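Enquirer: sequence first, then the predicted structure:
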Amino acid sequence: KLVTKYKQDFNGKGSFMINHSANYREQAKKAKEIIMSGQIGHVRHITAFFASPLSWIFEDPTNKGWNEPFGQMLGNGFCWGQCSHLLAWIYHVCQPTLQPKQVFCAMNHSKITGADVSHGATIICKDITNNDTHRDDDVIMSMSGTSLLPGNAHSDPPIGKRIRIKIFGSEGAILFTGDDRDGTSGRLELRLTGNDGQIEHPCGEHVGFDFENLDQDGEGPESLQNFLDVCLGNNASNRKQHDENSYYVGADSLVGFKTVQTLDAMYRSDASRQVEDVLYKA
């Protein structure tokens, strides 16, 4: 159903949008623009890490929606609850490049709730923009994450989540690392082979590290603002220009589909301790 929604023609009016707020930030837009333009060449390798100070959620038996599997779920916990945001960011900025194929994953679980609290995964993806089909042309993603970062994301002052994303291509790399509660903790970096690997800041020197938008004041997160633009009947952004009469789709149904595909394979791999194929090819 998600693939059908992605292929549906909205005629520039309306959209299927998922509220991954980090995907609607300026850094995500710029990273996607760089990759789509071919500046870093073919994507070859990705490393990603996400640590959240959320043990109080995943160790609490009363948080059943976060911790207990339901329906056909093999498990529940940090991967579904947090790393879905990390995967969605990567699949968005690399869309339509990456198609997940196979996954190997191992997880640690809470002895209190059974929820997964840490994981390490190797995700093998096909680069659909590369006509070569040799295994050496696959994109290898190494992803890990944990809820064991000390502190509380909702304390006063809050403890920030730590994110590290590095996307390496045949002609350059994008690096994005920081604390999502401290805008000065990092910037989007671009390093190009043709520029001898010198660090560039494509968002500008004064745009720091922004990931999830948790602010409760003002006009709300960018994801909400773009949702309201859709409701008002404004036109879809061409991703190169964004004005008051357009909206940006930071997470569409295909991003959601690939994220769910990958997470499903991660839980199956943890259960079998074997490499698992991704199901339901798009």
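Expert: Ah, there it is. In this text the structure is predicted, and so the values were computed from the model without any measurement.
Enquirer: chain neighbours aside, what residue packs nearest to residue 162?
Expert: Leaving aside its sequence neighbours, residue 162 sits nearest to residue 51 (CB to CB, 6 or more residues apart in numbering; 4.4 Å). C-betas here are computed from N, CA, C, even on glycine.
Enquirer: please list all residues in contact with that neighbour.
Expert: 145-149, 161-162 (CB atoms under 8 Å, 6 or more residues apart in numbering).
Enquirer: cool, residue 54 as well?
Expert: Contacts for residue 54 (CB under 8 Å, 6+ apart) come out as 78, 81-82, 147, 149, 152-153.
Enquirer: relative to residue 63, which of the contacts of residue 51 is nearest.
Expert: Within the contacts of residue 51, proximity to residue 63 (CB to CB) peaks at residue 147, which comes in at 11.6 Å.
Enquirer: how many neighbours does residue 201 have?
Expert: The number of residues packed near residue 201 is 14, by other CB atoms under 10 Å.
Enquirer: for the spatially closest residue to it that is not a sequence neighbour, grab phi and psi.
Expert: Closest residue in space to residue 201, ignoring its immediate chain neighbours: residue 187 at 5.2 Å, by CB to CB, 6+ apart. Per-residue torsions, residue 187: phi -140, psi 160 (degrees, to the nearest 10).
Enquirer: just checking, residue 187 touches residue 210?
Expert: No: if you go by CB atoms under 8 Å, residue 187 and residue 210 don't touch, sitting 9.9 Å apart.
Enquirer: buried only: go through the contacts of residue 54 for me.
Expert: Burial by neighbour count, judged by 16 or more other CB atoms under 10 Å, picks out 78, 81-82, 147, 149, 153 from these.
Enquirer: ok, so of these, who is nearest residue 67?
Expert: Nearest to residue 67, judged by CB to CB, of the buried ones among the contacts of residue 54 is residue 81 at 8.7 Å.
Enquirer: show me which helix runs longest in the chain.
Expert: Determined from DSSP state H, the single longest helix within the chain is helix 253-272.
Enquirer: helices and strands around that one, which ones?
Expert: helix 2-7, helix 84-93, strand 98-109, strand 116-127, strand 276-277 (3 or more CB pairs under 8 Å, 6 or more residues apart in numbering; DSSP states H and E).
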